[in-house]
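Trainee: The following comprises the amino acid sequence and a computationally predicted model.
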Amino acid sequence: MSLTDTTGLNNGVSMPWVGLGVYKMESGDEVVHAVRSALDLGYRHLDTASFYDNEEGVGQAIKESDLPREELFITTKVWNDEQGYEETLEAFDRSLRKLGLDYLDLYLIHWPIEGMYKATWKALEQLYKQGKVKAIGVSNFMTHHLDDLLKDAEVKPMVNQIEFHPELYQEEIVDYCKQRDIQVEAWSPIGRGTYLDNPILQDLAQKYKKTSAQIILRWDLQHGIVTIPKSTRKVRQQENADLFDFELTADEMGKINSLNKNNRLGPHPDEMGK
């Protein structure tokens, strides 16, 4: 595997296994430089959102890179106060303008806002049918949200992006998505670096001559999960991409699974959605 290796979504679109997340990167120089350095290193998958307020900077970096558009996989998301059918269509157009793109590769509902996400999904289906976006999906949806959405959906989500790291090993939703051919993607994959000194991770890092963060990202990939670590520093971006020359054993995967504490760093979807 390499940075350009992809997984096939349920509609046949190819999505790179590893990407760059840009949450909390400042719009302007910080995000432009971070995206440019990632693209220089070989990243081709970028994940932003309306809420991050840095879509223009991401778009500027894409333009400056001179890379062919078809080589890139660009994701953005519709925020909570933009949800609803017409509102989402308008939000999509705003995001596309800010990014300076003709189409998106993936558009996600950022959170399952109660009473809104079904109308929002209808808008995503419309954008998908019009060819304005290659794939559509959701973010932070639990099994009950997906059950509800799938009752009326004409198009099945291709992706569910969730908070996923060793201390929040959401096995139920991962299994649910795998059974329905919905690709799981991890946000905050290294748990914001809050427990990289865990002895299990440290021991594995020493064994494989890697960092604890690299061990976690490799664990993601071996679970079949797309991962989008954030870093503004080129050296860290390089480390986050250096995942393909080792493989964790089944026993080691189990040890990392056992770190689960159901420890959320972000909001619970049911609380955020009210």
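Mentor: Structure received. Residues are numbered from 1 along each chain as shown.

Trainee: In the chain, mark out all the helices, start to finish.
Mentor: Assigned by DSSP state H, the chain shows helices spanning 29-41, 55-65, 85-99, 117-129, 143-152, 171-179, 199-208, 212-222, 234-241, 250-257, 269-272.

Trainee: Buried residues, the shortest one. List them.
Mentor: Buried residues in helix 269-272, counted by 16 or more other C-beta atoms under 10 Å: Pro269. The way it works is simple: take the backbone N, C-alpha and C, and place the C-beta from them, glycine included.

Trainee: any residues touching it, and which ones?
Mentor: Applying C-beta atoms under 8 Å, 6 or more residues apart in numbering, the external contacts of helix 269-272 come out as 80, 111-113, 140-142, 145.

Trainee: Tell me the one of those nearest Asn262?
Mentor: Of all the contacts of helix 269-272, Asn262 sits closest to Met142, with 12.8 Å by C-beta to C-beta.

Trainee: Phe246: what's it in contact with?
Mentor: 208, 210, 218.

Trainee: what sits against the first one?
Mentor: Taking C-beta under 8 Å, 6+ apart, we find Tyr208 in contact with 214-215, 246.

Trainee: Looking at it now. What's its pLDDT?
Mentor: We have a pLDDT of 98 for Tyr208.

Trainee: Also Gly273?
Mentor: Taking Gly273 on its own, its pLDDT is 81.

Trainee: I figured it hits Gly115, correct?
Mentor: No. Using C-beta atoms under 8 Å, Gly273 makes no contact with Gly115, being 9.0 Å away.

Trainee: These two: which is more packed in?
Mentor: Gly273 (19 against 10; other C-beta atoms under 10 Å).

Trainee: Asn160: which of the helices of the chain is closest?
Mentor: helix 171-179 (5.3 Å).

Trainee: Show the average pLDDT along that closest one.
Mentor: The model assigns helix 171-179 a mean pLDDT of 98.

Trainee: Same question for stretch 17-24.
Mentor: 96.

Trainee: same check, this time on stretch 67-86
Mentor: 98.

Trainee: Quick one: end-to-end length of that stretch, please.
Mentor: Terminal residues of stretch 67-86 lie 33 Å apart, using C-alpha to C-alpha, to the nearest Å.

Trainee: Can you point out the buried residues in it?
Mentor: Per 16+ other C-beta under 10 Å, stretch 67-86 contains these buried residues: 72-80, 82-85.

Trainee: residues near the nearest residue to Leu3 once chain neighbours are set aside, how many?
Mentor: Leaving aside its sequence neighbours, Leu3 sits nearest to Gly42 (C-beta to C-beta, 6 or more residues apart in numbering; 4.4 Å). Using other C-beta under 10 Å, Gly42 has 14 other residues around it.

Trainee: Would you agree Gly42 is in contact with Ala241?
Mentor: Yes. Assessed by C-beta under 8 Å, Gly42 is found in contact with Ala241 at 6.8 Å.

Trainee: Please identify every residue contacting each of the two.
Mentor: Listed as contacting both Gly42 and Ala241 by C-beta under 8 Å, 6+ apart are Leu3.

Trainee: Please name the residues that touch Asp105.
Mentor: 13, 15, 72-75, 133-135.

Trainee: Just the buried ones from the contacts of helix 269-272?
Mentor: Buried members of the contacts of helix 269-272, scored by 16+ other C-beta under 10 Å, are 80, 111-113, 140-142, 145.

Trainee: Just the residues you listed: which are in strands?
Mentor: Among the buried ones among the contacts of helix 269-272, none falls in strands (DSSP state E).
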